[in-house]
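Asks: build me a model from this:
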Amino acid sequence: MSGTRKTTDPDLVNPDSPFIHATEFWHPLGDGRVQCDVCPRACKLREGQRGLCFVRANLNGAVVSTTYGRSSGFCVDPIEKKPLNHFYPGSSVLSFGTAGCNLSCKFCQNWDISKSRETDTLASKASPEMIARAAAEAGCQSVAYTYNDPVIFQEYAVDVAQACREQGIKSVAVSAGYHCPQAREQFYQYMDAANIDLKSFDEDFYWKLTGAHLGPVLETLEYLRHETNVWFEIATLVIPGHNDSPAELEAMCQWIRERLGADVPLHFSAFHPDYKMQDVPATPLATLTRARDIALAQGLQYVYTGNVHHQAGDTTWCPGCGEAVIERDWYQLSGWGLDHQGRCQTCGTAVAGRFAAKPGNWGRRRVPVRFSE
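Replies: All right, here's what the predicted structure looks like:
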(Lines give C-alpha, C1' and ligand atoms only; values in the text may rest on other atoms or scores of the structure.)
Protein backbone atom coordinates (compact mmCIF):
# COMPACT_ATOMS: atom_id res chain seq x y z
CA MET A 1 0.00 0.00 0.00
CA SER A 2 1.18 3.55 -0.69
CA GLY A 3 0.90 6.57 1.58
CA THR A 4 -2.57 5.87 3.01
CA ARG A 5 -1.64 3.56 5.88
CA LYS A 6 -2.85 4.95 9.20
CA THR A 7 -0.40 5.72 11.95
CA THR A 8 -0.84 5.67 15.71
CA ASP A 9 2.27 7.80 16.28
CA PRO A 10 0.98 10.58 18.61
CA ASP A 11 3.04 13.23 16.82
CA LEU A 12 1.81 12.20 13.38
CA VAL A 13 -1.93 11.69 13.94
CA ASN A 14 -2.38 15.47 14.10
CA PRO A 15 -0.84 17.05 10.98
CA ASP A 16 -1.94 20.47 12.25
CA SER A 17 0.33 20.22 15.28
CA PRO A 18 2.54 23.33 15.58
CA PHE A 19 5.52 21.01 15.99
CA ILE A 20 5.05 19.41 12.54
CA HIS A 21 7.00 21.35 9.94
CA ALA A 22 7.52 20.84 6.22
CA THR A 23 11.01 19.96 5.00
CA GLU A 24 12.67 20.55 1.66
CA PHE A 25 15.29 17.84 1.22
CA TRP A 26 13.49 14.62 0.24
CA HIS A 27 12.02 12.93 -2.82
CA PRO A 28 9.38 10.26 -3.57
CA LEU A 29 10.57 6.78 -4.58
CA GLY A 30 7.46 5.81 -6.54
CA ASP A 31 6.57 2.81 -4.39
CA GLY A 32 4.76 4.60 -1.58
CA ARG A 33 7.99 5.49 0.18
CA VAL A 34 9.86 8.78 0.37
CA GLN A 35 13.60 9.24 0.84
CA CYS A 36 15.03 11.83 3.21
CA ASP A 37 17.95 13.67 1.62
CA VAL A 38 19.18 15.76 4.54
CA CYS A 39 21.95 13.30 5.49
CA PRO A 40 23.80 10.44 3.79
CA ARG A 41 21.78 7.86 5.70
CA ALA A 42 19.05 8.39 3.08
CA CYS A 43 16.23 6.87 5.14
CA LYS A 44 13.47 5.40 2.96
CA LEU A 45 10.20 5.81 4.80
CA ARG A 46 6.70 4.44 4.40
CA GLU A 47 3.70 6.40 5.61
CA GLY A 48 3.92 6.94 9.36
CA GLN A 49 7.54 5.82 9.63
CA ARG A 50 10.30 7.87 11.26
CA GLY A 51 13.90 7.93 10.17
CA LEU A 52 16.71 6.65 12.35
CA CYS A 53 17.11 10.20 13.64
CA PHE A 54 13.59 9.95 15.17
CA VAL A 55 12.56 13.50 14.29
CA ARG A 56 12.03 13.25 10.51
CA ALA A 57 9.05 11.22 9.36
CA ASN A 58 6.77 10.41 6.41
CA LEU A 59 3.45 12.17 6.86
CA ASN A 60 0.98 12.11 3.98
CA GLY A 61 3.70 11.23 1.48
CA ALA A 62 6.18 13.94 2.50
CA VAL A 63 9.07 14.14 4.94
CA VAL A 64 8.27 16.40 7.88
CA SER A 65 10.11 17.47 11.01
CA THR A 66 8.28 16.53 14.21
CA THR A 67 10.27 18.61 16.72
CA TYR A 68 10.09 22.11 15.26
CA GLY A 69 9.90 24.56 18.16
CA ARG A 70 10.53 21.93 20.84
CA SER A 71 13.81 21.73 22.71
CA SER A 72 15.49 19.49 25.25
CA GLY A 73 16.44 22.63 27.18
CA PHE A 74 18.33 25.93 27.03
CA CYS A 75 21.47 26.96 28.85
CA VAL A 76 23.96 29.83 28.68
CA ASP A 77 27.48 28.39 28.42
CA PRO A 78 31.01 29.63 27.76
CA ILE A 79 31.77 29.43 24.03
CA GLU A 80 34.86 27.39 24.89
CA LYS A 81 32.58 24.54 25.96
CA LYS A 82 31.37 23.89 22.40
CA PRO A 83 34.45 23.65 22.04
CA LEU A 84 35.43 26.81 20.17
CA ASN A 85 38.60 28.52 21.38
CA HIS A 86 39.06 30.97 18.48
CA PHE A 87 35.52 32.32 18.11
CA TYR A 88 35.05 35.36 20.37
CA PRO A 89 36.88 33.84 23.37
CA GLY A 90 35.34 34.42 26.75
CA SER A 91 31.88 35.15 25.32
CA SER A 92 28.65 33.45 26.31
CA VAL A 93 26.48 31.32 24.04
CA LEU A 94 22.85 30.24 24.41
CA SER A 95 22.86 26.48 23.78
CA PHE A 96 19.95 24.23 22.88
CA GLY A 97 19.06 21.04 21.04
CA THR A 98 16.11 18.77 20.35
CA ALA A 99 15.97 14.96 20.59
CA GLY A 100 17.33 12.23 18.35
CA CYS A 101 20.42 11.88 16.17
CA ASN A 102 21.34 10.63 12.70
CA LEU A 103 24.33 8.63 13.98
CA SER A 104 24.34 5.59 16.26
CA CYS A 105 27.49 6.14 18.30
CA LYS A 106 27.98 3.40 20.86
CA PHE A 107 30.11 5.80 22.89
CA CYS A 108 27.65 8.72 22.91
CA GLN A 109 28.42 11.08 25.78
CA ASN A 110 25.02 12.77 25.53
CA TRP A 111 22.87 9.72 24.87
CA ASP A 112 19.96 10.70 27.12
CA ILE A 113 19.14 13.49 24.65
CA SER A 114 20.55 12.33 21.33
CA LYS A 115 19.22 8.78 21.64
CA SER A 116 15.87 9.78 23.09
CA ARG A 117 12.77 8.43 21.39
CA GLU A 118 10.38 10.19 23.74
CA THR A 119 8.91 13.59 22.99
CA ASP A 120 8.67 14.11 26.74
CA THR A 121 12.40 14.83 26.52
CA LEU A 122 11.42 18.00 24.68
CA ALA A 123 10.34 20.07 27.64
CA SER A 124 10.95 23.60 26.41
CA LYS A 125 8.87 25.18 23.66
CA ALA A 126 10.17 28.28 21.93
CA SER A 127 9.78 30.02 18.60
CA PRO A 128 12.86 31.24 16.70
CA GLU A 129 12.02 34.82 17.67
CA MET A 130 11.77 33.88 21.35
CA ILE A 131 15.19 32.25 21.25
CA ALA A 132 16.78 35.25 19.56
CA ARG A 133 15.26 37.61 22.12
CA ALA A 134 16.36 35.41 25.01
CA ALA A 135 19.93 35.32 23.70
CA ALA A 136 19.96 39.11 23.35
CA GLU A 137 18.53 39.64 26.83
CA ALA A 138 21.16 37.28 28.29
CA GLY A 139 23.94 39.22 26.56
CA CYS A 140 25.01 36.24 24.47
CA GLN A 141 27.30 36.74 21.49
CA SER A 142 25.88 33.65 19.80
CA VAL A 143 23.38 30.78 19.83
CA ALA A 144 24.62 27.18 19.56
CA TYR A 145 22.68 24.32 17.99
CA THR A 146 24.07 21.46 20.07
CA TYR A 147 23.33 18.58 22.52
CA ASN A 148 22.17 16.63 19.48
CA ASP A 149 23.05 17.22 15.83
CA PRO A 150 21.37 20.24 14.20
CA VAL A 151 21.43 18.45 10.85
CA ILE A 152 18.28 16.63 11.90
CA PHE A 153 16.46 19.80 12.99
CA GLN A 154 17.83 21.88 10.13
CA GLU A 155 14.62 23.83 9.45
CA TYR A 156 14.30 24.94 13.08
CA ALA A 157 18.01 25.82 13.30
CA VAL A 158 17.91 27.86 10.08
CA ASP A 159 14.86 29.81 11.21
CA VAL A 160 16.45 30.50 14.60
CA ALA A 161 19.64 31.62 12.86
CA GLN A 162 17.72 34.05 10.68
CA ALA A 163 15.94 35.49 13.72
CA CYS A 164 19.29 35.79 15.49
CA ARG A 165 20.85 37.70 12.59
CA GLU A 166 18.14 40.31 12.94
CA GLN A 167 19.29 40.75 16.56
CA GLY A 168 23.00 40.83 15.63
CA ILE A 169 23.57 37.41 17.25
CA LYS A 170 25.76 34.79 15.61
CA SER A 171 25.00 31.10 15.10
CA VAL A 172 27.17 28.11 15.98
CA ALA A 173 26.61 24.56 14.74
CA VAL A 174 27.97 21.66 16.81
CA SER A 175 27.74 18.76 14.38
CA ALA A 176 29.16 15.43 13.32
CA GLY A 177 29.24 16.79 9.77
CA TYR A 178 27.14 13.95 8.34
CA HIS A 179 25.27 16.06 5.82
CA CYS A 180 24.20 15.82 2.17
CA PRO A 181 25.65 18.50 -0.15
CA GLN A 182 22.46 20.43 -1.02
CA ALA A 183 21.15 20.51 2.55
CA ARG A 184 24.64 21.36 3.82
CA GLU A 185 24.92 24.32 1.46
CA GLN A 186 21.63 25.77 2.66
CA PHE A 187 22.42 25.17 6.32
CA TYR A 188 25.83 26.84 6.38
CA GLN A 189 24.55 29.96 4.67
CA TYR A 190 23.13 30.81 8.09
CA MET A 191 25.95 29.60 10.35
CA ASP A 192 28.84 31.77 11.51
CA ALA A 193 30.89 29.06 13.20
CA ALA A 194 30.94 25.30 13.64
CA ASN A 195 32.62 22.60 15.62
CA ILE A 196 32.77 19.39 13.61
CA ASP A 197 33.18 16.12 15.45
CA LEU A 198 35.75 14.04 13.56
CA LYS A 199 35.22 10.82 15.47
CA SER A 200 38.07 8.87 13.93
CA PHE A 201 40.19 8.71 10.80
CA ASP A 202 39.22 5.09 10.15
CA GLU A 203 36.28 3.91 8.07
CA ASP A 204 35.98 0.66 10.02
CA PHE A 205 35.62 2.63 13.27
CA TYR A 206 32.94 4.84 11.74
CA TRP A 207 30.86 1.95 10.46
CA LYS A 208 31.13 -0.32 13.50
CA LEU A 209 30.85 2.30 16.25
CA THR A 210 28.70 5.04 14.69
CA GLY A 211 26.76 3.33 11.88
CA ALA A 212 28.01 6.03 9.50
CA HIS A 213 30.88 6.60 7.06
CA LEU A 214 34.01 8.74 7.24
CA GLY A 215 33.91 10.12 3.69
CA PRO A 216 30.94 12.51 4.05
CA VAL A 217 32.45 14.01 7.21
CA LEU A 218 35.73 14.76 5.43
CA GLU A 219 33.72 16.28 2.57
CA THR A 220 31.94 18.59 5.03
CA LEU A 221 35.28 19.71 6.48
CA GLU A 222 36.69 20.49 3.03
CA TYR A 223 33.48 22.26 2.07
CA LEU A 224 33.66 24.50 5.14
CA ARG A 225 37.30 25.35 4.50
CA HIS A 226 37.21 25.96 0.77
CA GLU A 227 33.65 27.05 -0.02
CA THR A 228 32.44 29.07 2.97
CA ASN A 229 33.51 31.79 5.37
CA VAL A 230 32.29 29.80 8.37
CA TRP A 231 34.84 29.65 11.18
CA PHE A 232 35.25 26.03 12.26
CA GLU A 233 37.20 23.91 14.66
CA ILE A 234 37.50 20.13 14.93
CA ALA A 235 36.94 17.91 17.96
CA THR A 236 37.96 14.27 18.37
CA LEU A 237 36.84 12.21 21.34
CA VAL A 238 39.85 10.00 22.07
CA ILE A 239 38.71 6.50 23.06
CA PRO A 240 41.38 4.19 24.50
CA GLY A 241 42.09 1.24 22.23
CA HIS A 242 39.78 2.43 19.45
CA ASN A 243 41.03 5.65 17.81
CA ASP A 244 44.16 6.56 19.79
CA SER A 245 46.91 4.77 17.88
CA PRO A 246 49.85 7.01 16.89
CA ALA A 247 49.54 5.87 13.27
CA GLU A 248 45.88 6.91 13.01
CA LEU A 249 46.47 10.21 14.79
CA GLU A 250 49.43 11.03 12.55
CA ALA A 251 47.41 10.25 9.42
CA MET A 252 44.50 12.38 10.62
CA CYS A 253 46.68 15.35 11.50
CA GLN A 254 48.57 15.13 8.21
CA TRP A 255 45.26 15.16 6.32
CA ILE A 256 44.06 18.19 8.30
CA ARG A 257 47.29 20.08 7.57
CA GLU A 258 47.34 19.22 3.88
CA ARG A 259 43.63 19.50 3.05
CA LEU A 260 42.39 22.10 5.51
CA GLY A 261 45.42 24.02 6.74
CA ALA A 262 47.72 24.11 9.74
CA ASP A 263 45.68 26.92 11.33
CA VAL A 264 42.49 24.87 11.87
CA PRO A 265 42.16 24.31 15.64
CA LEU A 266 41.96 20.68 16.79
CA HIS A 267 40.58 19.56 20.16
CA PHE A 268 41.35 16.14 21.67
CA SER A 269 38.69 15.39 24.29
CA ALA A 270 38.66 12.76 27.01
CA PHE A 271 36.15 9.90 26.79
CA HIS A 272 34.33 8.65 29.86
CA PRO A 273 32.55 5.26 29.98
CA ASP A 274 28.93 5.71 28.93
CA TYR A 275 26.01 4.35 26.93
CA LYS A 276 27.08 1.09 25.20
CA MET A 277 30.81 1.35 25.94
CA GLN A 278 30.87 1.33 29.71
CA ASP A 279 33.55 -1.38 29.70
CA VAL A 280 36.09 1.00 28.08
CA PRO A 281 38.24 2.98 30.54
CA ALA A 282 38.28 6.76 30.65
CA THR A 283 40.95 8.46 28.59
CA PRO A 284 44.13 9.12 30.61
CA LEU A 285 45.59 12.61 30.47
CA ALA A 286 48.81 11.07 29.12
CA THR A 287 46.91 9.78 26.07
CA LEU A 288 45.56 13.26 25.32
CA THR A 289 48.92 14.96 25.75
CA ARG A 290 50.51 12.35 23.48
CA ALA A 291 47.84 13.03 20.84
CA ARG A 292 48.50 16.76 21.19
CA ASP A 293 52.25 16.21 20.79
CA ILE A 294 51.64 14.18 17.63
CA ALA A 295 49.45 16.93 16.17
CA LEU A 296 51.99 19.62 16.94
CA ALA A 297 54.77 17.50 15.41
CA GLN A 298 52.64 17.20 12.26
CA GLY A 299 52.62 20.99 12.01
CA LEU A 300 49.19 21.90 13.38
CA GLN A 301 49.35 25.27 15.11
CA TYR A 302 46.46 25.19 17.57
CA VAL A 303 45.93 21.91 19.42
CA TYR A 304 43.92 21.55 22.62
CA THR A 305 43.01 18.96 25.23
CA GLY A 306 39.46 18.85 26.57
CA ASN A 307 37.38 17.36 29.41
CA VAL A 308 40.52 17.37 31.58
CA HIS A 309 42.40 19.96 33.58
CA HIS A 310 45.50 20.68 31.51
CA GLN A 311 46.40 24.35 31.36
CA ALA A 312 49.00 23.96 28.60
CA GLY A 313 46.36 22.20 26.50
CA ASP A 314 43.77 24.87 27.28
CA THR A 315 45.99 27.76 26.26
CA THR A 316 46.41 29.29 22.81
CA TRP A 317 50.07 29.68 21.88
CA CYS A 318 51.38 32.07 19.23
CA PRO A 319 52.57 30.11 16.17
CA GLY A 320 55.18 32.81 15.55
CA CYS A 321 57.04 33.27 18.84
CA GLY A 322 55.53 30.59 21.07
CA GLU A 323 54.19 33.01 23.69
CA ALA A 324 50.81 32.39 25.34
CA VAL A 325 48.26 34.66 23.66
CA ILE A 326 45.07 33.34 25.30
CA GLU A 327 45.57 31.69 28.66
CA ARG A 328 42.77 29.50 30.00
CA ASP A 329 42.07 27.51 33.13
CA TRP A 330 39.23 25.19 32.21
CA TYR A 331 36.85 27.66 30.52
CA GLN A 332 38.07 30.72 32.41
CA LEU A 333 40.29 33.18 30.54
CA SER A 334 43.28 34.08 32.71
CA GLY A 335 45.50 35.98 30.28
CA TRP A 336 45.14 37.90 27.00
CA GLY A 337 48.02 38.68 24.67
CA LEU A 338 46.26 39.75 21.45
CA ASP A 339 45.96 43.27 20.12
CA HIS A 340 42.70 44.69 18.75
CA GLN A 341 43.41 43.08 15.35
CA GLY A 342 43.91 39.59 16.76
CA ARG A 343 47.71 39.70 16.52
CA CYS A 344 50.25 38.54 19.06
CA GLN A 345 51.30 41.51 21.18
CA THR A 346 54.82 40.12 21.41
CA CYS A 347 55.70 39.44 17.77
CA GLY A 348 52.76 40.67 15.69
CA THR A 349 51.83 37.27 14.23
CA ALA A 350 48.16 37.04 13.28
CA VAL A 351 46.28 34.37 15.22
CA ALA A 352 43.59 32.58 13.22
CA GLY A 353 40.05 33.10 14.43
CA ARG A 354 37.27 35.61 15.03
CA PHE A 355 38.13 38.02 17.81
CA ALA A 356 36.59 41.09 19.40
CA ALA A 357 38.74 44.05 20.42
CA LYS A 358 38.47 42.82 24.00
CA PRO A 359 37.92 39.29 25.33
CA GLY A 360 34.68 38.26 26.97
CA ASN A 361 34.43 37.64 30.70
CA TRP A 362 31.67 35.04 30.98
CA GLY A 363 33.98 32.55 32.70
CA ARG A 364 32.93 29.01 33.62
CA ARG A 365 29.30 29.73 34.47
CA ARG A 366 26.49 27.52 33.19
CA VAL A 367 23.07 29.14 33.57
CA PRO A 368 19.83 27.33 32.63
CA VAL A 369 17.23 29.38 30.78
CA ARG A 370 13.51 28.65 30.96
CA PHE A 371 10.81 29.84 28.61
CA SER A 372 7.29 30.54 29.83
CA GLU A 373 4.46 28.85 28.00
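
Asks: surely residue 304 is in a strand?
Replies: Yes - counting by DSSP: H, G, I helix; E, B strand; the rest coil, residue 304 is part of a strand.

Asks: please name the bridge partners of it.
Replies: residue 267 (DSSP bridges).

Asks: show the contacting residues for it.
Replies: Neighbouring residues of residue 304 by CB atoms under 8 Å, 6 or more residues apart in numbering: 83, 85, 265, 266, 267, 268, 292, 313, 314. The way it works is simple: take the backbone N, C-alpha and C, and place the C-beta from them, glycine included.

Asks: switch to 10 Å and redo it
Replies: Residues in contact with residue 304 (CB atoms under 10 Å, 6 or more residues apart in numbering) are 80, 83, 85-86, 233, 235, 265-269, 288, 292, 295, 310, 312-316, 328.

Asks: write a PyMOL command that selects only the buried members of those residues.
Replies: To isolate the buried ones among the contacts of residue 304 in PyMOL, judged by 16 or more other CB atoms under 10 Å, type:
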select buried, resi 80+83+85+86+233+235+265+266+267+268+269+288+292+295+310+313+314+315+316+328
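
Asks: please pull out the lowest mean pLDDT helix or strand from this protein.
Replies: Lowest mean confidence among the helices and strands of the chain (mean pLDDT, DSSP states H and E): helix 111-114, at a mean of 54.

Asks: quick one: low-confidence parts of the protein?
Replies: For the chain, the stretches with pLDDT under 70 are 1-16, 109-124, 372-373.

Asks: could you count how many residues lie near residue 367?
Replies: Residue 367 is flanked by 12 other residues according to other CB atoms under 10 Å.

Asks: for the stretch 201-350 of the chain, what spans make up the strands?
Replies: 231-238, 266-270, 303-306, 316-317, 324-329, 332-336 (DSSP state E, counting those that start in this stretch).

Asks: all strands of the stretch 1-150 of the chain, in order?
Replies: Going by DSSP E, counting those that start in this stretch, the stretch 1-150 of the chain shows strands at 21-22, 26-28, 34-36, 44-45, 56-59, 62-65, 70-71, 74-78, 92-96, 124-125, 142-145.

Asks: possible to save these as a markdown table with distance to residue 186 and mean neighbour count?
Replies: Shown next, in a markdown table, are these (distance: least, CB to CB, whole Å; neighbours: other CB atoms under 10 Å):
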| stretch | distance to residue 186 | mean neighbour count |
| --- | --- | --- |
| strand 21-22 | 14 | 14 |
| strand 26-28 | 13 | 16 |
| strand 34-36 | 15 | 22 |
| strand 44-45 | 21 | 18 |
| strand 56-59 | 15 | 27 |
| strand 62-65 | 14 | 20 |
| strand 70-71 | 21 | 23 |
| strand 74-78 | 24 | 21 |
| strand 92-96 | 20 | 26 |
| strand 124-125 | 25 | 16 |
| strand 142-145 | 14 | 26 |
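
Asks: reformat the strands of the stretch 201-350 of the chain as JSON lines; add distance to residue 247.
Replies: Output for those, formatted as JSON lines (distance: least, CB to CB, whole Å):
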{"stretch": "strand 231-238", "distance to residue 247": "14"}
{"stretch": "strand 266-270", "distance to residue 247": "16"}
{"stretch": "strand 303-306", "distance to residue 247": "18"}
{"stretch": "strand 316-317", "distance to residue 247": "26"}
{"stretch": "strand 324-329", "distance to residue 247": "30"}
{"stretch": "strand 332-336", "distance to residue 247": "36"}
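
Asks: can you tell me the centre-most residue of the protein?
Replies: residue 174 (1.3 Å; CA atoms, centre = their mean).

Asks: wait, a strand at that residue?
Replies: Yes - counting by three-state DSSP, one finds residue 174 located in a strand.

Asks: domain ranges for this protein?
Replies: Split into domains by automatic domain parsing, the chain comes to 1-66, 70-369.

Asks: ok, which stretches of the protein are helices?
Replies: 111-114, 128-137, 154-166, 181-188, 203-210, 214-227, 246-255, 285-297, 311-314 (DSSP state H).

Asks: closest one to residue 279 among the ones you listed?
Replies: helix 203-210 (13.5 Å; CB to CB).

Asks: just want the angle from the closest one to helix 214-227.
Replies: 110 degrees (axes from the mean of the first three to the mean of the last three CA atoms, to 10 degrees).

Asks: other residues contacting helix 203-210?
Replies: 101-108, 176, 178, 197, 199-200, 202, 212-217, 239, 242-243, 248, 276-277.

Asks: give me whichever of the domains of the chain is most buried.
Replies: domain 70-369 (a mean of 19; mean count of other CB atoms under 10 Å).
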